[in-house]
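Asker: give me the fold of what follows.
(one chain, ligands or ions: 2)
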Amino acid sequence: MTLHRFTPSDIQLFIVLDIMTALNTDSQRTPQTLAQDAKIKTGAPFLTIEDVSKVYQTPRGPYTVLDGVNLTVQEGEFVCLIGHSGCGKSTLLNMVAGFSQPTHGEVCLKNKRIAEPGPDRMMVFQNYALLPWLSAYENVYLGVDSVYPNRPHGEKKAIVRHHLEMVGLTEAADKRPSQLSGGMKQRVAIARALAIRPEILILDEPFGALDAITKEELQEELLKIWREHKVTVLMITHDIDEALFLADRVVMMTNGPAAHIGEVMEIPFKRPRNRARIMEDPTYYELRNYALDFLFRRYAHDDAA
Ligand SMILES: Nc1ncnc2c1ncn2[C@@H]1O[C@H](COP(=O)(O)OP(=O)(O)OP(=O)(O)O)[C@@H](O)[C@H]1O
Ligand SMILES: [Mg+2]
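Answerer: Ligands and ions are numbered 1, 2, ... in the order given. Got it, this is the predicted structure:
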């Protein structure tokens with residue numbers, strides 16, 4: 001018998017699924033909460049990060065990772081986050097996902113403080129976080145079933161099939177993660193996140209481990225999905241070209257400790273975007289150089305701490 005060793009990403013997945021089961025959206029959404037949701041929707045800001053600081057307790061004493069982070073994200077926006085390794089990008093998006101809480105300040109979705117994970121915010125990780133003994137289909141089904149346990153089986157099957165088709169994986173539905181390429185695994189992870197119909201899709205360096213061609217293909221697919229699902233996307237990347245191609249705004253973080261948002265660049269290229277065409281635009285190089293200057297001169301990594 002083969003024993004599975006659980007990796008940190010498996011454990012991350014268990015936590016997410018466990019919390020979703022506890023939330024069980026179908027059973028908890030009373031008419032009263034639905035009315036509250038509707039009330040919250042009207043005219044309220046979408047996602048707000050207000051004066052957020054995060055202090056970790058370490059054996060060497062308190063460590064302030066983030067200090068005074070402020071950001072408002074509009075519904076349907078595509079925001080990319082860049083900054084040097086260790087500055088606190090994942091820490092910030094984990095607070096949006098609800099995996100951890102700010103030490104000071106608050107993160108709110110439609111005026112409601114985010115206090116825990118929920119199916120309205122789904123996260124996709126660089127290392128996929130798929131269960132290795134389940135097929136692509138079963139991995140997506142598990143997510144859908146955890147959030148919508150009371151829906152008819154046929155309906156859940158249809159949701160899974162639809163989302164696998166959307167990411168071009170119909171043929172590979174029965175394969176396990178070990179039989180899938182990195183790009184295919186990331187497609188499963190994206191399908192699993194979207195099948196739950198989140199309002200916010202949080203991507204933590206989702207394409208970091210992929211080759212250049214697969215990465216470009218997935219970027220195009222992600223833009224198509226974003227357009228069709230009208231989901232709000234927050235995505236961490238180390239790739240400035242990726243951020244310029246995808247984002248409405250690029251949020252640039254200063255170095256830690258006590259990192260904050262240094263600058264926010266508006267990306268003006270018309271949509272739908274054509275990679276070749278935007279790369280011919282002189283503005284592309286102005287923005288690219290501006291971001292490079294921010295990261296490698298003004299906030300060069302050696303200046304950290
Ligand atoms: N649970 C924790 N306890 C203590 N320190 C932590 C914890 N989680 C993260 N850190 C520290 O906080 C800082 C920010 O970590 P974080 O993972 O948010 O960075 P990041 O910007 O996402 O980096 P990368 O680009 O390498 O993924 C790092 O110095 C990290 O060591
Ligand atoms: Mg990170």
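
Asker: near ligand 1, which residues of the stretch 51-200 of the chain are found?
Answerer: 56, 58, 63, 65, 83, 85-91 (C-beta under 6 Å from any ligand atom). Placement of C-beta: from N, CA and C, glycine included.

Asker: let's see that with 8 Å instead.
Answerer: By C-beta under 8 Å from any ligand atom, the residues of the stretch 51-200 of the chain that approach ligand 1 are 54, 56-58, 63, 65, 83-92, 94, 100.

Asker: these in helices, which ones?
Answerer: Residues of those located in helices (DSSP state H): 89-92, 94.

Asker: just among the residues you listed, which is most surrounded?
Answerer: residue 92 (28 neighbours; other C-beta atoms under 10 Å).

Asker: quick check: it vs residue 161, distance?
Answerer: Distance, residue 92 to residue 161, using C-beta to C-beta, to the nearest Å: 35 Å.

Asker: check residue 114 too.
Answerer: As judged by C-beta to C-beta, residue 114 and residue 161 stand 31 Å apart.

Asker: what about those two, which has more around it?
Answerer: With neighbours defined as other C-beta under 10 Å, residue 114 and residue 161 compare such that residue 114 has more, 22 against 16.

Asker: ok, that one touching residue 96?
Answerer: Yes. Using C-beta atoms under 8 Å, residue 114 makes contact with residue 96 at a distance of 6.6 Å.

Asker: name the nearest residue to residue 75, ignoring sequence neighbours.
Answerer: Nearest in space to residue 75, with sequence neighbours left out and distances taken as C-beta to C-beta, 6 or more residues apart in numbering, is residue 46 at 4.2 Å.

Asker: give me the neighbour count for the one you found.
Answerer: 18.

Asker: backbone phi and psi for it, please?
Answerer: As for residue 46, its main-chain torsions (degrees, to the nearest 10) stand at phi -80, psi -80.

Asker: right, I'll leave it there.
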